[in-house]
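A.B. asks: have a look at this prediction, sequence included:
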There are 2 protein chains.
Amino acid sequence: MRIAVARETEPGETRVALVPELVGRLVSAGYEVAVEPGAGRAALLDDQEYADAGATVSDNALHGAGLVLSVQPVKPEALRFCAPRAATVSFLFAGRHADEVAQRQSAGITTFAMEQVPRISRAQSMDALSSQALVSGYRCAIVAAGRLREFFPLSMTAAGTVRPAQVLVLGAGVAGLQAIATCRRLGAVVKGYDVRAAAAEEIASLGATAIDLELPTLEGSGGYAREMTEERAQLQRERLAPHIAAAHALITTAAVPGRQAPLLVTAEMVAGMRPGSVVVDLAADSGGNVEGVVAGSVVNVPTATGHGSVQLWGGANVPSQMPAPASRLYAQNVVNVIQLMTRDGMFDPDLNDEIVAGMLVTHPSLAAQAAPTEIAPAETVDTPERLES
Amino acid sequence: MRIAVARETEPGETRVALVPELVGRLVSAGYEVAVEPGAGRAALLDDQEYADAGATVSDNALHGAGLVLSVQPVKPEALRFCAPRAATVSFLFAGRHADEVAQRQSAGITTFAMEQVPRISRAQSMDALSSQALVSGYRCAIVAAGRLREFFPLSMTAAGTVRPAQVLVLGAGVAGLQAIATCRRLGAVVKGYDVRAAAAEEIASLGATAIDLELPTLEGSGGYAREMTEERAQLQRERLAPHIAAAHALITTAAVPGRQAPLLVTAEMVAGMRPGSVVVDLAADSGGNVEGVVAGSVVNVPTATGHGSVQLWGGANVPSQMPAPASRLYAQNVVNVIQLMTRDGMFDPDLNDEIVAGMLVTHPSLAAQAAPTEIAPAETVDTPERLES
């Protein structure tokens, strides 16, 4: 069977779903691999590298393909030359693409959504939300260090001591913990906050201080946070305010792709920071944790004192800012998914498998009218707010 | 006596020669401190902070001042309202400002050049070249980490391992060592090279690998490197080439302000790097260690294979990219100089003191015709190439 790797078409998307070093694993498993020309270009991967690894590079890569790999979902019309009953593996966010999901369902396409890989230990190696969050968390810390024109580390010099920067990270999921770890590596004094009590230990294990706002924790099922009331959110903002005012850099990571991010920081709280401070909002794509953030832009917010301003950086498809490592990790996740779905040397997903079932969005066996318009993993449907995956 | 702090006028200069937290030390020593309005603005220091610290903020700060502090040299015409026989303390680089030096000499002004503080242990706390190099070295590493779209650290994930970035640092003076330390903090695999044999130990002490090119070392006097022949320079470039080709990020720091930087890396060597690689040239202001570099710009150099390009970043007044810490360190150096020059509660520099004498460029006791047009510290006049101070 042919596995096709699509060239991404969404503006700003620089990743690719398969990297040359993993072509061999699919070939060894008995698949033919075809790649659309230029698929890896934005991730600095050359067509020749794919060819050298054993793939065919062709404009017709999708023609007759039984499985199509991509990062963003391929448009249904681009799938019309695929083999009958072809399958796709990509991020989908079905809620944003209801029409396309319906088209896929009526065309008999099988759709697996990478963001729906269940958060169980057997599926960790397939968890693309986590792998991409790792990239985002690192990137956020580096962006903060680059935009803040102060030293992150303590420096002892003959002329005196330079104090380390104070960094505050809100949300201690994969991205938040990676941001904390990176800021700590650079020597900053880091505080972290998460509504889940379990996060405090993880924050502390990285050498950061876990902030305790003396509010009830919101431990939900499956490691996610429960929804909070507006009253609690207000209290949380009030108690966070002095910590934010004391920070040179604030990194917010309370987001999950495809959902509205919770507002953690008001414009007033940003204006209360010192001149030259930096706010990096990883959740900007989904509305932002910080009031006034614009995804893909830097907004200069004047401080309340009228002296200087605070830089508010809004992340837009942050993993695409590091396309090469993000692609390598995503491709690894995808190849692990394919291996799970390969039985007796054939692409034969077991729809009774918890992971396969969790990822499934459209399939000929599902009634067309049952095609879901909003999909969420089973364990999160009751947790409208969760701190990034 | 009044000490005046000048507002910098050179484009791109964001530092200020005195910070509010150090005003008190001068006031305690018996001086009056006057600051030109907005002097600290670019370094995010407000006039009110200076006033609160005990300084006068006034457009006429220089009027009647006995000592004028600045980062870049104040124009001679701006000094005409100062007290008779006023003195200045700033960077000067007399070789670049021969006319101004002559004007200062004929106007009876005493000029102390911060870059001429001798490199002796008693003067370490006054060594502004070192303190600013520390800032530059940190900044270079952060710029490299931000521009390279790969992870610096090794990351172990459920989906596989992300290999750490390979960084090569050329020149292991203060800036180079700080760049090495910062890249190491971030987890990169770092190699360092310096023509001085003594540098190898310092490089290794930071957890980096000192490259041995099996060339004769160029240990000169005073911790500087001796000049090398073109033949040796050619051999050095040839032997560095494979190390450069293997690096994701190359940071070059072989520069000393006011001198022509040695060419360490040719355009061909840059083109031999992999796509997406980053070159950060701290020496761009003085001609560059890397062929084709442009100070204050990023040049995209196509790779030799035709796939992708290498980013070549040219530093321009790099300490001004971190104006607040650079100003704090510089101000500390300057205040230490003033304390050295204060005797019996008066500003009374002892021209027989090795440090004072080393810094002196113009003085009424010097004959006008003897005003030097190129000044270098005594211990470096025979070392035309040295790896940054």
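C.D. replies: Looks like it arrived, so ask away. Model, not experiment: these values are computed from the prediction.
A.B. asks: show me where pLDDT drops low in chain A?
C.D. replies: Scanning chain A for pLDDT under 70 picks out the ranges A:220-227, A:256-258, A:367-389.
A.B. asks: and with 90 instead?
C.D. replies: Residue ranges of chain A with pLDDT under 90: A:95-97, A:156-160, A:195-198, A:215-233, A:255-260, A:307, A:366-389.
A.B. asks: domain ranges for it?
C.D. replies: A:2-126+A:323-362, A:137-320 (automatic domain parsing).
A.B. asks: ok, which residues in the stretch 51-200 of chain A are in contact with chain B?
C.D. replies: Residues of the stretch 51-200 of chain A lying close to chain B by CB under 8 Å from any CB of the partner chain are A:124-127, A:130-131, A:134-135, A:138, A:142-143, A:145-146, A:149-151, A:153, A:155, A:157-160, A:162, A:182, A:185-187. C-beta: built from backbone N, CA, C; applies to glycine.
A.B. asks: quick one: which of the residues you listed sit in helices?
C.D. replies: Judged by DSSP state H, these include A:S130, A:S131, A:L134, A:V135, A:Y138, A:I142, A:V143, A:A145, A:G146, A:T182, A:R185 as members of helices.
A.B. asks: farthest pair in the residues you listed?
C.D. replies: Greatest spatial distance among these (CB to CB): A:S130 and A:G146, at 24.8 Å.
A.B. asks: who's more crowded, those two?
C.D. replies: Using other CB atoms under 10 Å in any protein chain shown as the criterion, A:S130 and A:G146 rank with A:S130 on top: 24 against 17.
A.B. asks: ok, which stretches of the stretch 201-350 of chain A are strands?
C.D. replies: In the stretch 201-350 of chain A, the segments counted as strands under DSSP state E, counting those that start in this stretch are A:209-210, A:249-252, A:278-281, A:298-302, A:309-314, A:342-343, A:346-347.
A.B. asks: list the neighbouring strands of the fifth one plus their orientation.
C.D. replies: Within its sheet, and counting by DSSP bridges, strand A:309-314 is paired with strand A:278-281 (parallel), strand A:298-302 (antiparallel).
A.B. asks: quick one: distance of the shortest one to the chain centre.
C.D. replies: If I follow you right, that is strand A:278-281. 17 Å (CA atoms, centre = their mean, to the nearest Å).
A.B. asks: before we move on, back to that, just the buried residues of the residues of the stretch 51-200 of chain A next to chain B.
C.D. replies: Neighbour counting over those (16 or more other CB atoms under 10 Å in any protein chain shown) leaves A:124-127, A:130-131, A:134-135, A:138, A:142-143, A:145-146, A:149-151, A:153, A:155, A:157-160, A:162, A:182, A:185-187 as the buried ones.
A.B. asks: mind listing what A:Q103 touches?
C.D. replies: Residues in contact with A:Q103, defined by CB atoms under 8 Å, 6 or more residues apart in numbering or on different chains, are A:P76.
A.B. asks: how about the closest residue to chain B within the stretch 201-350 of chain A, nearest residue that isn't a chain neighbour?
C.D. replies: Scanning the stretch 201-350 of chain A for the residue nearest chain B gives A:Q332, at 4.0 Å (criterion: CB to the nearest CB). Among residues not flanking A:Q332 along the chain, B:A159 sits closest, at 4.0 Å (CB to CB, 6 or more residues apart in numbering or on different chains).
A.B. asks: one more: A:A199?
C.D. replies: Closest to A:A199 by CB to CB, 6+ apart is A:A172, at 4.0 Å.
A.B. asks: and that neighbour, that one's in a strand?
C.D. replies: No: with DSSP: H, G, I helix; E, B strand; the rest coil as the criterion, A:A172 is located in coil rather than a strand.
A.B. asks: that one reaches A:I203, doesn't it?
C.D. replies: Yes: using CB atoms under 8 Å, A:A172 makes contact with A:I203 at a distance of 5.3 Å.
A.B. asks: tell me which of the two has more neighbours.
C.D. replies: Under the neighbour definition other CB under 10 Å, A:A172 and A:I203 were set side by side, and A:A172 has more, 29 against 22.
A.B. asks: list the contacts for the more buried one?
C.D. replies: For A:A172, the contact set (CB under 8 Å, 6+ apart) comprises A:I180, A:G192, A:Y193, A:D194, A:R196, A:A199, A:E202, A:I203, A:T253, A:L387.
A.B. asks: number of nearby residues for A:Q48?
C.D. replies: A:Q48 has 12 nearby residues by other CB under 10 Å.
A.B. asks: and it, what helix or strand is that in?
C.D. replies: Assigned by DSSP states H and E, A:Q48 falls within helix A:47-52.
A.B. asks: following element in sequence after that helix, please.
C.D. replies: strand A:56-57.
A.B. asks: direction included, what does that next one pair up with?
C.D. replies: Applying DSSP bridges, strand A:56-57 is found paired with strand A:32-35 (parallel).
A.B. asks: dump the strand it pairs with to CSV, restricted to CA.
C.D. replies: C-alpha atoms of strand A:32-35 as CSV (Å, rounded to 0.1, in the frame of the first residue of the first chain):
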residue,chain,number,x,y,z
GLU,A,32,5.5,2.3,-0.4
VAL,A,33,6.1,5.9,0.5
ALA,A,34,5.4,8.8,-1.9
VAL,A,35,6.1,12.4,-1.0
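A.B. asks: got a list of contacts for it?
C.D. replies: A:1-5, A:18, A:23, A:26-27, A:47, A:50, A:54-58, A:60-62, A:65.
A.B. asks: try stretch A:40-55
C.D. replies: For stretch A:40-55, the surrounding residues in contact (CB under 8 Å, 6+ apart) are A:5, A:8, A:13-16, A:19-21, A:23-24, A:27, A:33-35, A:37-39, A:57, A:323-324, A:326-327, B:274-276, B:307-308.
A.B. asks: what's the answer for stretch A:58-66, then?
C.D. replies: By CB under 8 Å, 6+ apart, stretch A:58-66 touches A:1-6, A:34-37, A:68, A:74, A:78-79, A:81-83, A:86-87, A:347.
A.B. asks: rerun that using 7 Å as the cut-off
C.D. replies: A:1-6, A:34-37, A:68, A:78-79, A:81-83, A:86-87, A:347 (CB atoms under 7 Å, 6 or more residues apart in numbering or on different chains).
A.B. asks: with stretch A:304-314 instead?
C.D. replies: With CB under 7 Å, 6+ apart, stretch A:304-314 has contacts from A:143, A:147, A:270-273, A:275-281, A:284, A:288, A:290, A:292-303, B:44, B:46.
A.B. asks: out of the strands of the stretch 201-350 of chain A, which is closest to A:Q105?
C.D. replies: Among those, strand A:346-347 sits nearest to A:Q105 (CB to CB), with 19.7 Å.
A.B. asks: other SSEs contacting the closest one?
C.D. replies: Using 3 or more CB pairs under 7 Å, 6 or more residues apart in numbering or on different chains; DSSP states H and E as the contact definition, strand A:346-347 packs against no other helix or strand.
A.B. asks: that'll do, ta.
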